[in-house]
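Asker: Sequence plus the predicted model coming up.
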Amino acid sequence: MFWIPLRLAKSARKYRSKRIDEPSTLTLDRIRSRQEVKVVQIVAGQSATRQLAQFGICPGSTVKVRRSAPMGGPVLVDSGGSMVAIGRGMARKVRVQTLA
Amino acid sequence: MKFALVGQPNCGKSTIFNSVAGYRAATGNFPGTTVRLAWSTIRFDGLVAELVDVPGIYSLTSANPAESAAKNFLFDQDISLIINVLDASLLSRSLELTLELRELGIPIIVCLNMMDEAERRGTRISTEELSALLGLPVVETIGYRGVGVRELFRQATHHANQPPQPVEFLRWHRDVETSVRQMQAVINSHSHSHHLPSRFFAIKLLENDDDISRQAGPEENDAATRLRAQLEDLRGRPAESVIMSERHDRAMKLFEHSATVTRPRHDPRAALDTLLTHPLWGYVCLAVILVGFFWAVFGLGSVLENAVSGKISLFTAFLLADVPKGGLEHTLIAALMDGVQGGAGIVLPYLIPFLFGLAFLEDAGYLPRVAYLMDGMLHRIGLHGTSMLPIILGYGCSVPACMATRILPSKRDRFLASVLATLVPCSARSTVIFALVAFYLGPMWALGIFCFNALVVITSGWLLARVWPEISAGMILEVPRYQWPSFSVLALKVWLRLREFVVLSWPLLIAGSLVLGLGAYCNFDHYANLALSPLTLILGLPAVLGTTLVFGVLRKELALIMLAQALGTTAVASVLSATQIIVFTIFITFYIPCLATLVALVKEIGRKMTILAATYTFILATLMGVAARLILPLFLGA
């Protein structure tokens, strides 16, 4: 269990470096709970795009983040009345815009 | 006539199926409960029809094997009518599938299910308006209460053989519509082997659907590529995304025209979710629920066991009172009663509360929340949250758990999840843990074994994920609303699972007990035990348990009953040391899955992988058994 803090520190570093690289992009995995966002673009392969679209998550749609699980866990969003859990990796592919 | 129940996952198809076909298909409150087709013959108003429950699909482009099965069924079978079940509270999203189904040219009746839920959400739907706009008959139902189901089937018989007609309202934007027409023209100019409507075929080709492009000829595929590029130029994004948006747009318009949204009623379930998915309290609640579940099963089980076992023992003593000891008759009666007692006195007391508890969690809708909570952790070992569903179902029975892996899109994920699901103690193995370890050594030891098992499962997952590395696509899983499970559905569900034990395992158990008794009488078991002595020797178990371990392959509960039979007493603790009890249990829990599971595994992951999995579990079980044998005496002092 002793390696967990090390791991966390490492992933945090990775995270920070990424933020410096692309300061202007906002992705679904960075959104805080209870915030409503508009999907701008989905940067993913065909199958992921299709799967997201099945739940109404496509460019132009609005989703509300319910929860963001800790430690690289998934994001829970409200989309068109249904609740969908999206893995962090998948959420990172969804570029969004915050709504006031 | 053949009716097919088609709809998005978790919209209540199986509930409607069961309400007319009797409880035949397992239902549950998580997407992907049904992974294979269920058939039933129904009689209605003197009419005989076949009703097929089709696994849930979000769209007609499949992502996983369960969806492919559904899609192939719709494409290849001669269906008189599709009963398109919709979750009325998710109307606009559900309508997207309806729009796709329309293109198949098969008569459709729309069934707006869960009307009560929609009302609670403040969505009021005008059925007439929707029916007029869609050009399809629409019926309202509340599946779990059986409201509207009669009307649904009455309408269904009326509307069979009336394929949907084109409707002006549903027409797409002109540029997209032109592309579809052009594609259709290319398809019509070629002779082809498929029998799908050309418009549907054209749309799917433009959407770049793999299955459909494989069926299409080279000219058709070329034309599709050209038209896709043209559409992409026009709209500035991929053609399939354009078509998806068209459908999405039409569905939204349908929703806006036929439904009015008012303020939703206050929903206490939202508060429950705030707690159960909380980054900290969510995990605390998960632990509390699991431990509470464990104590409830153990508490109820031991009370029942004491009550029933005592009665049967008295009865056995009464039967044996006048029979001379040591004779064949005595041996047979004792063996027979051992079998009976094993079933009624040891297995059922734990099995029934266990199945009830699991069914409750399934129907309430807790499992997808567990998947949500565990996804982050599972990612660290190379899996993702959706794999958690089959693994949790593994606590019930390994066979449906292996089948449930069909909801996973990747072959590698299916392999991992099915191996891990077989390692999880199923209800039969849990019974062994409860009746042997918890009963004789105390519940803390049993809890310890469950935790130890979880640890081994996680480690195995980590190990196997390294052996077969693949970047996991990541989870995307719908989390359904909570539902208060109805008692009768729970009871039926428990019975569906219990029936297998009562009609199959129990007779087998009694027969096995008789065989073992006879074997002991003829001194035959001696040789069998001798052959297995290397195994019992390294595990430090008495040699008489050799045959018992073999019986475990047939059914895991058998090992438990046979244990009592082989030792000649039900007071196991007087013959075996605490270490031996635990070693035996650990070995039984981990080693080669039972026969039924092996068959299911072969079907899901293939023979080679199954042999691999069986070998792996056998080695794992032996290693764990030996480790327990060496380590435990240090704690137990024996």
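Answerer: Noted; the coordinates are in hand.

Asker: Near chain B, which residues of chain A? Just list them.
Answerer: When proximity is defined as CB under 8 Å from any CB of the partner chain, chain A approaches chain B at A:46-56, A:58-61, A:66-67, A:69-74, A:76, A:80-90. Backbone N, C-alpha and C define where each C-beta goes, glycine included.

Asker: In chain A, what helix or strand scores lowest on average pLDDT?
Answerer: Least confident helix or strand, chain A: helix A:3-21 with a mean of 57, by mean pLDDT, DSSP states H and E.

Asker: quick check: mean pLDDT across stretch B:478-497?
Answerer: Averaged over stretch B:478-497, pLDDT sits at 87.

Asker: Check stretch B:43-51 too.
Answerer: 84.

Asker: Using PDB, list the CA coordinates for it.
Answerer: Taking Å, rounded to 0.1, in the frame of the first residue of the first chain, the C-alpha atoms of stretch B:43-51 are listed here in PDB:
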ATOM      1  CA  ARG B  43     -52.100 -17.100 -26.500                       C
ATOM      2  CA  PHE B  44     -54.200 -14.000 -26.900                       C
ATOM      3  CA  ASP B  45     -57.800 -13.800 -27.900                       C
ATOM      4  CA  GLY B  46     -57.600 -17.200 -29.600                       C
ATOM      5  CA  LEU B  47     -54.500 -16.200 -31.400                       C
ATOM      6  CA  VAL B  48     -51.200 -18.000 -30.900                       C
ATOM      7  CA  ALA B  49     -48.000 -16.000 -31.400                       C
ATOM      8  CA  GLU B  50     -44.400 -16.300 -30.600                       C
ATOM      9  CA  LEU B  51     -42.900 -13.600 -28.300                       C
END
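
Asker: Give me the contact list for it.
Answerer: Contacting residues not belonging to stretch B:43-51 are listed as B:1-5, B:17, B:20-21, B:39-42, B:80, B:153-154, B:157 [CB atoms under 8 Å, 6 or more residues apart in numbering or on different chains].

Asker: hang on, the earlier thing: show me the residues of chain A next to chain B that map onto helices.
Answerer: A:46, A:47, A:48, A:49, A:50, A:51, A:52, A:53, A:54, A:88, A:89, A:90 (DSSP state H).

Asker: what about chain A, any weak spots by pLDDT?
Answerer: Counting by pLDDT under 70, chain A contains low-confidence ranges at A:1-24, A:100.

Asker: Can you name the residue of the stretch 51-200 of chain B nearest to chain A?
Answerer: residue B:58 (3.7 Å; CB to the nearest CB).

Asker: on that earlier part again, tell me the buried residues within the residues of chain A next to chain B.
Answerer: When the residues of chain A next to chain B are checked for burial by 16 or more other CB atoms under 10 Å in any protein chain shown, the buried set is A:48-56, A:58-59, A:61, A:66-67, A:69, A:72-74, A:76, A:80-90.

Asker: now the closest residue to residue B:196 other than its chain neighbours: how far from residue B:106?
Answerer: With CB to CB, 6 or more residues apart in numbering or on different chains as the criterion, residue B:196 has its nearest non-adjacent residue at 6.4 Å, and that residue is residue B:75. From residue B:75 across to residue B:106, the span is 10 Å (CB to CB, to the nearest Å).

Asker: The closest residue to chain B within chain A - nearest residue in space that isn't next to it in sequence?
Answerer: Closest to chain B within chain A is residue A:73: 3.0 Å, counting by CB to the nearest CB. Distances taken as CB to CB, 6+ apart put residue B:376 closest to residue A:73, at 3.0 Å, once the chain neighbours are dropped.

Asker: How about residues contacting the helix or strand hosting the one you found?
Answerer: Assigned by DSSP states H and E, residue B:376 falls within helix B:367-381. Applying CB under 8 Å, 6+ apart, the contact partners of helix B:367-381 are A:69-74, A:76, A:85, A:87-89, B:28-31, B:273, B:276-277, B:282-283, B:286, B:361, B:384-389, B:392-393, B:458, B:461-462, B:465, B:472, B:475, B:477-480.

Asker: Go through that helix and flag the buried ones.
Answerer: B:367-379, B:381.

Asker: cool, and stretch B:324-334?
Answerer: B:330, B:331, B:332, B:333, B:334.

Asker: tell me the mean pLDDT over it?
Answerer: Stretch B:324-334 comes out at a mean pLDDT of 79.

Asker: centre of the chain versus it, how much separation?
Answerer: 45 Å (CA atoms, centre = their mean, to the nearest Å).

Asker: Please name every helix or strand in contact with the top helix by length along chain B.
Answerer: Scanning chain B for the helix with the most residues, using DSSP H, yields helix B:281-320. With contacts taken as 3 or more CB pairs under 8 Å, 6 or more residues apart in numbering or on different chains; DSSP states H and E, helix B:281-320 sits against helix B:268-276, helix B:328-341, helix B:348-364, helix B:367-381, helix B:443-467.

Asker: Quick check: closest non-adjacent residue to residue 29.
Answerer: Unless you meant another one, I'm taking chain A. residue A:91 (3.9 Å).

Asker: could you do chain B instead?
Answerer: residue B:365 (3.8 Å).

Asker: That neighbour contacts residue B:478, correct?
Answerer: No. Residue B:365 lies out of contact with residue B:478 (CB atoms under 8 Å); the separation is 10.5 Å.

Asker: what would the helices and strands packed on helix B:281-320 look like in TSV with distance to residue B:240?
Answerer: Output for the helices and strands packed on helix B:281-320, formatted as TSV (distance: least, CB to CB, whole Å):
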stretch	distance to residue B:240
helix B:268-276	33
helix B:328-341	60
helix B:348-364	35
helix B:367-381	27
helix B:443-467	31
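
Asker: Can you flag the weakest of these by average pLDDT?
Answerer: When I compare the helices and strands packed on helix B:281-320, helix B:328-341 is least confident, with a mean of 81.

Asker: That one vs helix B:281-320, what angle?
Answerer: 160 degrees (axes from the mean of the first three to the mean of the last three CA atoms, to 10 degrees).

Asker: For helix B:328-341, which outside residues touch it?
Answerer: For helix B:328-341, using CB under 8 Å, 6+ apart, the contacting residues are B:309, B:312-313, B:315-316, B:319-320, B:323-324, B:506, B:509-514, B:516-518, B:520-521, B:561, B:564-565, B:570.

Asker: what does stretch B:127-139 give?
Answerer: B:95, B:98, B:102, B:108-112, B:140, B:148, B:151-152, B:155, B:158-159, B:164-167, B:169-170, B:254, B:257-259.

Asker: quick revisit: out of the helices and strands packed on helix B:281-320, nearest to residue B:623?
Answerer: Closest to residue B:623 of the helices and strands packed on helix B:281-320 is helix B:443-467 (CB to CB; 9.9 Å).

Asker: Quick check: what element follows that closest one along the chain?
Answerer: strand B:476-479.

Asker: what's the spacing between that following strand and its chain's center?
Answerer: Counting by CA atoms, centre = their mean, strand B:476-479 comes out at 15 Å from the chain centroid.

Asker: for stretch B:115-135, same thing?
Answerer: Here stretch B:115-135 shows a centroid-to-chain-centroid distance of 31 Å under the convention CA atoms, centre = their mean.

Asker: now do stretch B:64-79
Answerer: 19 Å.

Asker: So for it, what gets flagged as buried?
Answerer: B:64, B:65, B:66, B:67, B:69, B:70, B:71, B:73, B:74, B:75, B:79.
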